[in-house]
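>>> Pasting a predicted model and its sequence here:
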Amino acid sequence: MQPKVLVTGAAGFIGSHLVDALTADGIAVRSFIKVGDDVSNLSESESEVVNGDLRDIESLKRAMEGIETVYHLAAISRYDLNVPEDEYRTVNVEGTSNVLTCAEEAGVKCVLFTATIEAVGLSEKGDPLTENSPPCPRNIYGVTKQDAEDLVTSYRSPGGMKTVVVRPPMTYGPREMILCSRLFKVIQRGIYPLVGSGEALTEFCYVKNQVQGIRLAAEKGKSGEVYFISDEKSYMIKDVVRAIAKELGVKVITPHLPVPLALVIGFTFEILSKIFRFYPFVIPQTGRPPFSRKTVKWTSESKLYCDISKARGELSYNPGYSMEDGIRETVAWYKSQGHMK
């Protein structure tokens, strides 16, 4: 069977889960991987792996041959990486433009682009973010993903190619290691400070729900439209902590830090992370501190959560995994891989 689906960024966290879901349903997948990337997430994959780069037009043209749908996930995918700003732009924006151009030339029927909640930024008034919320990205990652999103939504295909955007929020699950260090391992030690009341709403989306939404958006989404994909509801931070503690079988103490004190602690971590370049002062995957003044901002106020009504209505999206289900599978994987006891 010839590949009909291309996944860029296939070796990444969400990308590899998407590849698994597609191949499990008998769909032929071609995985587009940058040379030098860690491909361990695809070690048991049945997809065809090809090497290339979003900045290399010829490699994209080869990868697009025979493809009907492109799931474009490849990107510099966090703001907390030590990467020059112009590289964010060449990969995230120009790379997306290259994907659209090559897909059009290859006769692809649909390009699904994964943006991010960071393309919108914090809610101005504390209301849930929607697809119509005015964009106000907080960092270069969000800015370049918003610019790429604009390219996709405004694209007018001479051949009728559909272009759709999804915005994932914070997503967790097996293979995701940043939250393992920043959240799960901290809770396992039995103490997790909460900023303020701990009742700020946030998104905590299980990766299999995210993959379900991505696939539905490619299948049912309207061209030029944007969809937030997340769990069935937004969660209070304290409830996420308690659910993880319950699955780990630990009693967790959650002292409440006043916001001014939390800001001081965040600033202190920022300073110490420049001196002590190891955990717990630095998250290995990001090179940044696990707690900072930016952490205080989104954990103390309900400003980074979204409404998935549009996805429910237009895509018939109905997340199949509860938070408890997702945490259970995630903890089991961490333990099976030796990341947690």
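Thanks, I have it.

>>> residue ranges of the strands in this protein, please?
In the chain, the strands defined using DSSP state E lie at 5-8, 29-34, 48-52, 69-72, 110-114, 162-167, 171-172, 194-195, 201-202, 205-206, 226-228, 235-236, 256-257.

>>> could you redo those strands as TSV and give each row distance to Arg288?
The way it works is simple: take the backbone N, C-alpha and C, and place the C-beta from them, glycine included. Shown next, in TSV, are the strands of the chain (distance: least, Cβ to Cβ, whole Å):
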stretch	distance to Arg288
strand 5-8	25
strand 29-34	22
strand 48-52	29
strand 69-72	26
strand 110-114	22
strand 162-167	23
strand 171-172	18
strand 194-195	18
strand 201-202	19
strand 205-206	22
strand 226-228	26
strand 235-236	24
strand 256-257	20
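
>>> mind putting these in JSON lines, mean neighbour count included?
Formatted as JSON lines, the strands of the chain follow (neighbours: other Cβ atoms under 10 Å):
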{"stretch": "strand 5-8", "mean neighbour count": "28"}
{"stretch": "strand 29-34", "mean neighbour count": "25"}
{"stretch": "strand 48-52", "mean neighbour count": "16"}
{"stretch": "strand 69-72", "mean neighbour count": "26"}
{"stretch": "strand 110-114", "mean neighbour count": "25"}
{"stretch": "strand 162-167", "mean neighbour count": "24"}
{"stretch": "strand 171-172", "mean neighbour count": "24"}
{"stretch": "strand 194-195", "mean neighbour count": "22"}
{"stretch": "strand 201-202", "mean neighbour count": "20"}
{"stretch": "strand 205-206", "mean neighbour count": "28"}
{"stretch": "strand 226-228", "mean neighbour count": "25"}
{"stretch": "strand 235-236", "mean neighbour count": "18"}
{"stretch": "strand 256-257", "mean neighbour count": "16"}
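
>>> tell me the domain boundaries of this protein?
5-169+204-232+305-321, 178-198+237-300 (automatic domain parsing).

>>> Flag whichever of those has the least confidence on average.
For those, the weakest mean pLDDT is recorded on domain 178-198+237-300, namely a mean of 89.

>>> Tell me which of the strands of the chain lies nearest to Met340.
Met340 lies closest to strand 171-172 among the strands of the chain, at 13.6 Å (Cβ to Cβ).

>>> The closest one pairs with which strands?
strand 205-206 (parallel) (DSSP bridges).

>>> For the strand it pairs with, which outside residues touch it?
Applying Cβ atoms under 8 Å, 6 or more residues apart in numbering, the external contacts of strand 205-206 come out as 168-173, 229-231, 319, 321, 323, 325-326, 329-330.

>>> Nearest to Thr299, out of the strands of the chain?
Closest to Thr299 of these is strand 194-195 (Cβ to Cβ; 4.6 Å).
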